[in-house]
Structure formats: C-alpha cells, structure tokens
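1. Task: produce atomic coordinates for the following.
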Amino acid sequence: MIRISTQMITERSLSAMLRQQSDLSNTQLQLSTGRRVLTPADDPASAVRVLGLNGAVETVSQYQNNIDRLTSRLETEEGSLNGITNLLQRARELTVQGNNDVLSPTDKGAIAVEVRQLRDQLFSMANAKDSNGEYIFSGYQTGTRPFTYGAGVYTYNGDNGQRELQIAPGRTVADGDNGFGLFMNVATGPVTTVNVVAPTDPAPAAITAGDITIDGGNGNGAISIGALPLAADPAERATQLRDAINAISGETGVTAESGPANTLTLTSIGGTGIDVTLAGTATTANTGLTTGTTPPVTSRRSVFETLDQLVSTLEAGDSVTRYITDVDLALEAVIEAKTSVGGRLNAIEEQKTVNEDLKLNLETQRSEEQDLDYASAISRFEAQMTALQAAQQAFVKVKGLSLFNYL
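-> Numbering: from 1, shown residues only. This is a model prediction of the structure:
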C-alpha cells in the first residue's frame, strides 16, 4: 500500500505548475521577439544554420556599404573630370585661336590671361576632395594634398596606388585614380628639332631649285624649297633658307627660326621626323644643312606645365602649334579616366542589384529557419494558459481536502 502524503501532493502540484509556467513564459518570449529559435537548445540544427545565415547577411550588407561609398566617391571624381574636360576643351579652343599670325600681341596676351585662369581652375580641381574630406587624386595618401606649387615647380605629393574596395566575393573595384598618371606624367606630341649650323662659305653660291628638299614626315613627301640666289654672306644665306623653308611649311609641316651666329632651328610638330636632302649645287658649306633624317622625340610633362608654356609662348607672340597636340593628349588622358570611372560606376550598380537579390534570398532562408508561426504559437499559448489555470485550480482543491470535512 502506497502512502500519499500531503507533502508529496504539494510538491507534485508545484512542479506541474512551474513546468506549465516555464512553457508559457517561453511561448510569451517567442511571441514578443517573433522568433521560434531563442536558444540553440530550442533547435540545434536550425540554430547552426541561422548562425551561418547571419554571417552571410552581414557580409553582403558590408558589400553594399562599400558600394555606396564607392558610388559617392566615383561620382565625385566623375564630376571633377567633367569639369576638367570642359577646361581643357576651352584651352584647346584658345590654343587654336592663338595660333593665328594675324592676331596682335594684345590679342594673344588676352588669350594668355584666360589660359592662365583655366590653369588655376584645373589646379584647384586636381586637388578635389570627396564627401568625407579625402583627396580624390592622391592614391593611397587620401589625407595628403596631391598637388602643390612652389619655386616654379609643380609637385605631386601622393603615390601611384589605387585603393580598392570589395563589392562581392573575389571582386574589388578601385575607388579613384592617382593624379600622377592623370596630370603629371602626360604624353606630349612628337617634336622633331634640327639645329642647322651657319654656312662656312664667305659668299654662298646660288642654289638650283630641287637641290634642297625637306620632308617633314607628314605624308606629303620631299618638297623642294626652291632656288636661292647668290648670298653676300652667311647671314644673308641663313635668312634666305629661313624664309624659303617657312614659305613651304604648310606642305612640309617644318618651320625655321633664326638662332645666334647665323644658325637655324628647324622644327616639326607631329609626323615621323625631318628628312633633309642636299644635291647638286647645295652643300653643307654654302647652306649649313646636312643630308640626313632626324627622328621625332616624345616626352612627358604635367598638364600644368603645358599650360604654363602655352601662356609664355602666347605672351612672346610665338607659334603655339605644338601645344595643340599637347592639350589634345592631356584631354585624351582625362577622357580615358572618365570612361574608366563610368565603367566602374556601371559595374558596381549591376553588382548592387545582384547583392540585393542575394541578401533577400538569405534573409528569406533565415526567416524560414528562425521566424515564428504566430497562429500556431498563439494557439499553443492559449492551451498552455488553460493548462496552467487548471493546474492552479486543482492544487487549490487538493490542498483543501481533509478528513475533518467528513466527520
């Protein structure tokens, strides 16, 4: 015979009520948080999957943050490059305008003033900052002002790096372009220079037409400078040669300028070089020229120096033909950079859409794993509440039982 004591009944009743209260509390917490899995013990397998999905969602969110930062920085760079493009296009127009011998020194001086203003604007834009106060064209040194000017020298203070941000697994995109290649190390047009010595013949003889030909490498071939009359001295011969060469410069692309001590300097802008041929009556002694081909030389300089030289040449009233090509090449470098920026903006916009779809898919999977079925939870809550109330009422009645009630 089993003896059921009052203590046993009390302990079992309290245990049942506490268990019901614990289950009810857990359901209430699920309803308040909207999550089915509150601790790993609730569903170990789902808890592991949710943990992995949380990490994946956070990673994609970081990619999206990187894309937003890239977009802001690249749009700022694109705006700067658009402004610089407009400046260089205007500089080219002024260079072509200034390359007119009809203009007076005053007119060329006025053009030089505007070119100088364009240079100052360009220098300011090259030191542009993004919305975070970081310099756009400094490479990795985003806190360092990229360009400074002092003692007649333009200095680049950044580096040649290109900072990149990750926008997807295994995919990074540069958030800017360093200013060295864009503004400092800019190609200039090919220039051929031939230094012509003074004639050594005291009274240079006449030259027959066709005996001196010049090919400026512009595709027109060798052109005769024509006949030259007897010269009284080397100085007169040098003047004859200069005038004859400049008279056909429209065909050859070669210009001649007088130098010290009856020398000349022949210059060709563009083309493949200058080829000089002497024959018959033309000799080095009576012309200072030498048969031979001089190849062009290309160099690199900063776009700021190019504009400075253009200003100086305009103020001196000299020809600015060579700077048309130089400004064109600087403009091409900027347009190429702008095209690259536009391509990167398109790429990150497409990746942003892909990331959004991926994030939505991951969040959907996470929701399926951890989110609560409210209808089921509410039904369970009501059932647990009823069970708890029943247990409480039963306990009260059991506690009230006594043999004295039947005596």
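
2. buried set for stretch 126-142?
-> By neighbour count on 16 or more other C-beta atoms under 10 Å, the buried set for stretch 126-142 is 126, 127, 128, 130, 134, 135, 136, 137, 138, 139, 141, 142. Where you see a C-beta, it was placed from the backbone N, CA and C, and this is true even at glycine.

3. actually stretch 351-365, not the one I wrote
-> 351, 352, 355, 358, 359, 362, 365.

4. how about that stretch as CSV, C-alpha atoms only?
-> C-alpha atoms of stretch 351-365 as CSV (Å, rounded to 0.1, in the frame of the first residue of the first chain):
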residue,chain,number,x,y,z
GLN,A,351,26.7,44.2,-58.6
LYS,A,352,24.5,46.2,-56.2
THR,A,353,21.4,44.6,-57.8
VAL,A,354,22.9,41.2,-57.6
ASN,A,355,23.8,41.7,-53.9
GLU,A,356,20.3,42.9,-53.1
ASP,A,357,18.8,39.7,-54.6
LEU,A,358,21.3,37.6,-52.7
LYS,A,359,20.6,39.4,-49.5
LEU,A,360,16.8,38.9,-49.9
ASN,A,361,17.3,35.2,-50.6
LEU,A,362,19.5,34.8,-47.5
GLU,A,363,17.0,36.7,-45.3
THR,A,364,14.2,34.6,-46.6
GLN,A,365,16.1,31.4,-45.7
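
5. pLDDT of it, averaged?
-> Average pLDDT, stretch 351-365: 91.

6. Do you know the pLDDT at the closest residue to residue 196 other than its chain neighbours?
-> The spatial neighbour of residue 196 that comes closest, neighbours along the chain excluded (C-beta to C-beta, 6 or more residues apart in numbering), is residue 264 at 3.9 Å. Reported pLDDT at residue 264 in the predicted model: 95.

7. so who does residue 264 touch?
-> 195, 196, 238, 241, 242, 245, 256, 257, 258, 288 (C-beta atoms under 8 Å, 6 or more residues apart in numbering).

8. Following element in sequence after the helix or strand hosting the third one, please.
-> If I follow you right, that is residue 238. Using DSSP states H and E, residue 238 sits within helix 234-247. Later in the chain than helix 234-247, the nearest helix or strand by DSSP H and E is helix 249-252.

9. Alpha carbons only: can I get that following helix in PDB?
-> The C-alpha trace of helix 249-252 is given here as PDB (Å, rounded to 0.1, in the frame of the first residue of the first chain):
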ATOM      1  CA  SER A 249      55.800  75.000 -94.100                       C
ATOM      2  CA  GLY A 250      52.200  74.500 -95.000                       C
ATOM      3  CA  GLU A 251      53.200  71.500 -97.100                       C
ATOM      4  CA  THR A 252      56.100  70.100 -95.100                       C
END
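
10. mean confidence for that helix?
-> Averaging pLDDT residue by residue across helix 249-252 gives 92.

11. and that helix, how far out from the chain's middle?
-> The chain centroid and the centroid of helix 249-252 are separated by 40 Å under C-alpha atoms, centre = their mean, to the nearest Å.

12. Who are the packing partners of the helix or strand hosting residue 360?
-> In this assignment (DSSP H and E), residue 360 forms part of helix 321-370. Packed against helix 321-370, as judged by 3 or more C-beta pairs under 8 Å, 6 or more residues apart in numbering; DSSP states H and E, are the following elements: helix 44-98, strand 164-168, strand 171-174, strand 186-187, strand 264-269, helix 303-316.

13. got a list of what residue 101 touches?
-> With C-beta under 8 Å, 6+ apart, residue 101 has these contacts: residue 319.

14. Let me see the contact set for residue 280.
-> Residue 280 neighbours (C-beta under 8 Å, 6+ apart): 208, 210, 211.

15. Put the buried members of the contacts of residue 264 into a ChimeraX selection.
-> In ChimeraX, a selection of the buried entries from these looks like this (16+ other C-beta under 10 Å):
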select :196,238,241,242,245,256,288
